[in-house]
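have a look at this prediction, sequence included:
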Amino acid sequence: MARLLRVALVDGMIRIHDTVEAAVTACGAAASRADAAARDGGRTAEPEVIRLRRETVDLRARLRSHPLIAQAKGVLRESYRLPDPQAAFTLLKRSSQTHNVKLRTLAAAVLRMDRPDPDSPLWFPERAPEQAPALPFLPGVRPGEVNRGAVVKRALSQALEVLGSDMGDLQLADPVSGLRMEQHHGFGREFLDFSAHVGEGETSCGRGAA
């Protein structure tokens with residue numbers, strides 16, 4: 001059996017034990033390690049397990065962003081007569097990189113804007129520039145010259161300081177549905193994965209946003 005498993009190239013994933021007692025002992029040790037990793041938020045998990053968890057979180061984040069970006073692609077393609085969805089995505093991606101704005105943030109802005117007139121040469125016609133608000137919690141920083149990530153990070157830090165708490169998160173309303181976690185501090189990976197995107201009525205904050 002061991003030779004068959006090696007031929008099937010799964011010997012690295014399946015451990016062979018000489019007796020049933022040895023297999024049971026090994027399973028008990030593995031379960032103990034898994035319980036310990038769960039209790040400490042995964043900090044003592046094996047590197048491969050940590051890597052797989054991160055990949056899973058990244059994939060879930062991409063799935064959550066997909067409807068928003070797909071809608072923005074459709075708006076751009078229809079409004080500006082782009083040849084295909086890939087051209088719309090390329091435009092979004094290049095604009096995101098050029099202006100140092102997250103792709104989903106840019107897509108959300110596209111969905112919030114009113115559509116231009118059919119023959120308008122401008123992408124955002126009659127868009128009046130607004131003065132950036134003052135940021136008293138970011139001393140030494142000029143409004144309009146700071147990115148969104150720095151603002152929300154400092155806002156959460158200030159809130160935790162005022163409340164005297166070492167745990168908290170900051171969520172923003174998603175144009176498509178629900179709330180999306182933008183910044184966090186002090187939580188374990190399981191909580192972050194569960195709360196990365198909250199739909200209507202799923203939690204107290206989701207009910208409050210509705």
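Now that the structure is in, tell me what you want to look at.

what part of this protein, helix or strand, is modelled with the least confidence?
Taking mean pLDDT, DSSP states H and E as the measure, the helix or strand of the chain with the lowest value is helix 2-7, at a mean of 45.

count the neighbours of Ala134 for me.
Ala134 is flanked by 8 other residues according to other Cβ atoms under 10 Å. C-beta here means a position set from N, CA and C on the backbone, and glycine is covered the same way.

in a strand, it, correct?
No: read with DSSP: H, G, I helix; E, B strand; the rest coil, Ala134 is coil and lies in no strand.

can you give me the pLDDT of it?
pLDDT, Ala134: 79.

who does the longest helix anywhere in the chain touch, helix- and strand-wise?
Longest helix of the chain, by residue count under DSSP state H: helix 47-80. Contacting helix 47-80 under the criterion 3 or more Cβ pairs under 8 Å, 6 or more residues apart in numbering; DSSP states H and E are the following elements: helix 85-98, helix 103-112, helix 189-195.

quick one: which of the ones you listed is nearest Val146?
Nearest to Val146, of all the helices and strands packed on helix 47-80, is helix 103-112, at 14.6 Å by Cβ to Cβ.

for the closest one, name the packing helices and strands.
Helices and strands touching helix 103-112, by 3+ Cβ pairs under 8 Å, 6+ apart, are helix 47-80, helix 85-98.

show the contacting residues for His197.
64, 174, 178-181 (Cβ atoms under 8 Å, 6 or more residues apart in numbering).

these: which two are farthest apart?
Between all members of those, the farthest pair (by Cβ to Cβ) comes out as Arg64 and Leu179, at 11.3 Å.

those two: which has the busier surroundings?
Neighbour tally, Arg64 and Leu179, criterion other Cβ under 10 Å: the higher count belongs to Leu179, 24 against 17.

which residues does the more buried one form a beta bridge with?
Beta-bridge partners for Leu179, by DSSP bridges, are Ala173, Val198.

what about Lys93, neighbour count?
Lys93 - counted by other Cβ under 10 Å - has 13 other residues nearby.

and it, what's its pLDDT?
Lys93 is assigned a predicted lDDT (pLDDT) of 91.

any idea how far it lies from Tyr80?
16 Å (Cβ to Cβ, to the nearest Å).

quick revisit: export the helices and strands packed on helix 103-112 to JSON lines and tack on distance to Pro121?
Listed next are those as JSON lines, based on distance: least, Cβ to Cβ, whole Å:
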{"stretch": "helix 47-80", "distance to Pro121": "11"}
{"stretch": "helix 85-98", "distance to Pro121": "16"}
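
weakest of those in terms of mean pLDDT?
The lowest average pLDDT among these, as it happens, falls on helix 47-80, at a mean of 77.
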